[in-house]
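Engineer: what's the 3D shape of this:
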Amino acid sequence: MRPWRTLARRVVLSRPPWMEVAEERIALPDGREIEGFLSIRTRDFAAIVAVTEPHEVVLIRSYKHGLRSVSLAVPAGYVEEGEDSLTSAKRELREETGYEASEWTSLGRYVVDGNYGVATEHVYLARRAKKVTEPASGDLEEMEILLVPLHDVMALLLRGEIAQLSSAAALALATLELEARAGLDRETVD
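Structural biologist: As a prediction, the model looks like this:
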């Protein structure tokens, strides 16, 4: 497979640092050209699945205007200019929830929309999370911090109580990682 080439790009909306929308003229590998292909760029972010020693997941209940509703989500936040994604993840976990974790595992980086780009989500599993302070996020929305037993998280997903794809994906990836670790731990004991 050959990549597409961008022949021209024109920004049609720019609201730094939040969003940029552009139209592109694209050359396809077969020689055809596409006029007006949209490119959308928002800020990259880190999503954190924080798990405590008693195997509870730290979740946030808040109103999200894009959803037009209250839902549950994992702690998440923007990667600031000059900051690596792990530093952002650690900062956001502490700011939004008051928790810190001693073990961090990257679960990958994922482009939000394969056609338009949008942003990159950096997903982290934070194990041995402990509350060390009160939350101080400075975010616009009110937040409620919840501790949910790990074995109940999938039921929340299936009931639609976790409505943001970024959180659903992060929780699914963390569950796979934790199950794989549990399997390795069982093999070590056997």
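Engineer: tell me which helix or strand the residue nearest the centre of the chain sits in.
Structural biologist: Geometric centre of the chain, nearest residue: Ala47, 3.4 Å, by CA atoms, centre = their mean. Here Ala47 sits within strand 45-52, counting by DSSP states H and E.
Engineer: longest single helix anywhere in this protein?
Structural biologist: Identified as the longest helix of the chain according to DSSP state H is helix 165-189.
Engineer: quick one: mean pLDDT over the strand holding Ala47.
Structural biologist: For strand 45-52, the mean pLDDT works out to 98.
Engineer: now do it: which elements does it pack against?
Structural biologist: The elements that strand 45-52 packs onto, with contact taken as 3 or more CB pairs under 8 Å, 6 or more residues apart in numbering; DSSP states H and E, are strand 56-64, strand 76-78, helix 85-97, strand 117-131, helix 165-189. (C-beta placed from N, C-alpha, C; glycine too.)
Engineer: for the last one, what is the average pLDDT?
Structural biologist: Mean pLDDT, taken over the full extent of helix 165-189, equals 85.
Engineer: tell me what angle that helix forms with strand 117-131.
Structural biologist: Comparing the axes of helix 165-189 and strand 117-131 via axes from the mean of the first three to the mean of the last three CA atoms, to 10 degrees yields an angle of 50 degrees.
Engineer: so which elements touch helix 165-189?
Structural biologist: strand 45-52, strand 69-73, strand 76-78, strand 103-113, strand 117-131, helix 153-158.
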